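A.B. asks: Attaching a predicted model along with its sequence, questions to come.
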Amino acid sequence: MIIHQLSVFLENKSGRLTEVLDVLGRENIRITALSVADTTEFGILRIIVSDPEKAKTLLKEQMFTVNITEVISVMAPDEAKYYAKVLKILSDIDISVEYTYAFSTGKKSVIVLRCSNNEKAIEALKAHEMELLKASDLYRI
């Protein structure tokens, strides 16, 4: 249930995101999810791809600072109350969410979470019968 996400440090200058995507595109790496958090100086690109190890190697060869981060993912109806339910399950057992992002697949949303304790979060979400996704599930979306 752990998903490997790339976290790429990007200087906040024109063209840097394009460079990352060009590197991955040349090798036919498939992108499932992408999020950028930024400040005036830099950004963190968070990206779930079809082959995280290969993507990491390719980006490091091009001098990008990149790490693999473990996240979890939940499929839920695309209404705010279901996202809130996921977050409440976690907060009720004192698991903090370091960051989250989501994307819609139509009637459902895929919620990606980086938690203070991913394993404990997985157990809690399973106990509440939430639909957890494996990496292979995400790659097929």
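C.D. replies: Great, that's in hand.

A.B. asks: wait, what's in contact with residue 6?
C.D. replies: 45-49, 52, 55-56, 59, 66-69 (Cβ atoms under 8 Å, 6 or more residues apart in numbering). Backbone N, C-alpha and C define where each C-beta goes, glycine included.

A.B. asks: Work out the gap between the helix or strand bottoming out on mean pLDDT in the chain and the centre of the chain.
C.D. replies: In the chain, the helix or strand scored least confidently by mean pLDDT, DSSP states H and E is helix 135-139, which has a mean of 87. Offset of helix 135-139 from its chain centre (Cα atoms, centre = their mean, to the nearest Å): 11 Å.

A.B. asks: Go through that helix and flag the buried ones.
C.D. replies: 135, 137-138 (16 or more other Cβ atoms under 10 Å).

A.B. asks: Can you list the helices and strands that that helix packs against?
C.D. replies: strand 3-11, strand 31-38, strand 65-77 (3 or more Cβ pairs under 8 Å, 6 or more residues apart in numbering; DSSP states H and E).
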